[in-house]
Structure formats: C-alpha cells, structure tokens
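Trainee: Give me the fold of what follows.
(3 chains)
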Amino acid sequence: MNFARSVHEVAPELIGATLLFNGSGGRIVEVEAYDQSDPASHAFRGRTPRNAVMFGPPGHAYVYRSYGIHWCLNLVCEEVGVASAVLVRALEPTHGLDEMRSRRGLDEERLLCSGPGRLCQALGITGTDNGLPLDRPPFALRDRPQPVDVDTDRRIGISRATELPWRYVEAGSRFLSRPASSSRRA
DNA sequence: CACAGGATATACT
DNA sequence: GTATATCCTGTGA
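Mentor: Numbering: from 1, shown residues only, chains lettered A, B, ... in the order given. The predicted model follows:
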C-alpha cells in the first residue's frame, strides 16, 4: 500500500487488505479518514506531543489512548508535514485466533476485533507501538487481492464534522463495529 | 438501551 | 491549577 497519497484515496483501498501484528490479525473491514482541515481530527489544532506521528512520514502507526482506557490504531498518510491518518475500526479475524481470544478474554469471533479499542486489545497493540513502520515486523500489511464492495457512512463517536461521509466499510460484513446506516456504495 | 469507568491531552482562568 | 472533552466498551436493565 502506498501511503504517500491523500487519505481519501487510501482509506477505501484499505478495505479488504490484511493487517497483522506479531502474526495475529485479519482483513480490514472498517476504517475512517481524518485529515488536517477536519475539526474531528487530532491534527486540526496543529502539532502536539501526542499527535506528532501524524505529521511525520506516511506508512507509520499512530497509536493513542482513547477514553483513558482503550488504544486506537491509525495509519498515517500523505507526506511529511501534512497530517492525516486512517483510523482502523474493525477486522475480520483470520490469523492468530486463539491468541486474540486469550488477550480479549472471550471466545466469540465476531467480537474479537469489531471496534478500534477491541482490535488493539486483540492484536496486543499499545502506546509503545506508536510510530512504528507498517511494512516490517511486528506489523505486516498485505494489499487486498481483489477489489471489494465498499459502502460509505458518517463517522462514529465524534461531535464535530459529523456530516462527512468518511467512514468506509465492506458491504455486508458481519464484523463491523456497527452496521452502516444511511450508506452509499463508494 | 442507558451509563459509568477511566486516563490523557489540551483548553481555559 | 482546574475544567472539559474524548476517533469506546462491558455491563446491567
């Protein structure tokens, strides 16, 4: 995957790609795009210690703490100095199922990675992985083998710029954090 | 379905 | 320093 492009080009192409961390993970079925001019983005108010990775080279992981409890994984896009990232919100588990079950403390496959906090817990991603490159261990990313039907929707859990259709999901997937509501085929 | 838990980071005085 | 908002989830009704 070439991340040195607009986040709005990259995000829909990530649906169907395979993301692994230390050998466990799955197919990406849900993402959201955040760019620098976007009031809902951490980068909107400029560079801070927390969001610095978003302003660095593309193709790296931006991991932040959410609601004090969960970790969330973002993939940095564009070029150095322009901050944008794709929030990875859900995976269809394909690799390391037992390992992910034990880290999550539950058996049900559908709940292993269906949410940004859940998938970080399942894969074992934490703040110490912030800034790591996505193209070598512990990360591995494989482009989708063929195009996938992608629906767009409004983003989840934000209070500003809620009207932007920057959530992308695989049409009909049962592993989404929430079903697409008023969606449109992308 | 409503809701509290929980810890950062940033905004505000 | 104090306040506030948060790219969420499990639990219990």
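Trainee: Return the residues in contact with the residue nearest to residue A:18 when sequence neighbours are not counted.
Mentor: Taking CB to CB, 6 or more residues apart in numbering as the measure, residue A:18 lies nearest to residue A:142, with 4.3 Å between them; neighbours along the chain are not counted. No exception for glycine: its C-beta is placed from N, CA and C like everyone else's. Contact analysis of residue A:142 by CB atoms under 8 Å, 6 or more residues apart in numbering lists A:17, A:18, A:20.
Trainee: Which ones among the residues you listed map onto helices?
Mentor: Applying DSSP state H to the contacts of residue A:142, no entry is found in helices.
Trainee: Pipe those into a markdown table and attach pLDDT per row.
Mentor: Putting the contacts of residue A:142 into a markdown table (pLDDT from 0 to 100) gives the following:
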| residue | pLDDT |
| --- | --- |
| A:17 | 97 |
| A:18 | 97 |
| A:20 | 97 |
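Trainee: and DNA strand C, which of the residues you listed reach it?
Mentor: Counting by CB under 7 Å from any atom of the strand, the subset of the contacts of residue A:142 that neighbours DNA strand C is empty.
Trainee: returning to what we had before: please report the distance of the residue nearest to residue A:18 from residue A:112.
Mentor: 19 Å (CB to CB, to the nearest Å).
Trainee: swap in residue A:79?
Mentor: With CB to CB as the criterion, residue A:79 and residue A:112 are 34 Å apart.
Trainee: Looking at these two, which has the bigger crowd around it?
Mentor: Of the pair residue A:79 and residue A:112, residue A:112 is the one with more neighbours under other CB atoms under 10 Å, namely 27 against 11.
Trainee: check contacts around the more buried one.
Mentor: If a contact means CB under 8 Å, 6+ apart, then residue A:112 has A:91, A:93, A:97, A:100, A:101, A:104, A:106, A:118, A:119, A:122 as its contacts.
Trainee: give me phi/psi at residue A:11?
Mentor: Per-residue torsions, residue A:11: phi -50, psi -50 (degrees, to the nearest 10).
Trainee: Nearest residue to it in space, please, no chain neighbours.
Mentor: Nearest to residue A:11 is residue A:33, by CB to CB, 6+ apart, at 4.2 Å.
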